[in-house]
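> Return atomic coordinates for the entry below.
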Amino acid sequence: MNIISQMVEVHLFRIVQGEMEFLLLKRGEKEIYPGLWQMVSGRIEKDEKAYQTALREIKEETGLDVLHLWAVPNVNSFYSASSDELNFIPVFAAWVNSNAKVVISEEHSEFKWCLYEECRNLLVWEGQKKSVDILRDYYLNRKNDLDLVEITDLK
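Residues are numbered from 1 along each chain as shown. Alright, predicted model coming up:
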C-alpha cells in the first residue's frame, strides 16, 4: 500500500453582517459523485506546493480572489481500494471579499453561501464537517491564532 498526498480541500468563507458564510459547490452531473455539495478541491500538479494548488483551484472553480489563506490544523484522508492507496488531504481556509462575484467552473452546476449549520448538513463526509467546525471555532473564539498558520504568499 502506498501513502500519498495529491489533493487539497479548501473551505472558502466570507463575513456578512458579522456572520461567517461558507461557499459550497454542487458537483455537475458528469463528475464523480454528481449532485454532491462540496468545498473547493483539486489535484496537486507536478512541482506545485499544496497551498499553490489551493489558490489555483479557488480561481479555476470560483473565479474568486483570496484576502487571506490559512492551513487548517486538520488533514483529511481516504482509502482507494482500486489503487491500494491511502490519501492524505491538506485542508485550507480562504477568506474572500463579501461582495465578490462567484463564477463556477464546468465541474459544478451551482453554488450557495451557507451559514454554519446548513453547511454542515450539506457536507457528506465527517472530515469535511470537522474542518468547518475547526474553522468556525478559530474565527469565533481564537481569531488571533489564525495568524500563526497564515500563508502569505498568495501568488
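
> I'd like the mean pLDDT over stretch 92-110, please.
For stretch 92-110, mean pLDDT is 94.

> buried set for that stretch?
F92, A93, A94, W95, V96, A100, V102, I104, E107, H108 (16 or more other CB atoms under 10 Å). Yep, even glycine has a C-beta here, placed from its N, CA and C like the rest.

> Export the residues you listed as a markdown table, with columns for distance to D65 and secondary structure.
Formatted as a markdown table, these follow (distance: CB to CB, whole Å; DSSP: H, G, I helix; E, B strand; the rest coil):
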| residue | distance to D65 | secondary structure |
| --- | --- | --- |
| F92 | 15 | strand |
| A93 | 15 | strand |
| A94 | 9 | strand |
| W95 | 11 | strand |
| V96 | 7 | strand |
| A100 | 7 | coil |
| V102 | 11 | coil |
| I104 | 15 | coil |
| E107 | 19 | coil |
| H108 | 18 | strand |
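
> The longest strand seen in the chain pairs with which strands?
The residue-count maximum for a strand in the chain (DSSP state E) belongs to strand 66-80. Using DSSP bridges, the strands paired with strand 66-80 are strand 85-96 (antiparallel), strand 150-151 (antiparallel).

> can you give me how far the last one is from the chain middle?
Relative to its parent chain, strand 150-151 has a centroid offset of 15 Å by CA atoms, centre = their mean, to the nearest Å.

> Check what contacts that strand and list those residues.
Y51, H68, L69, W70, A71, F92 (CB atoms under 8 Å, 6 or more residues apart in numbering).
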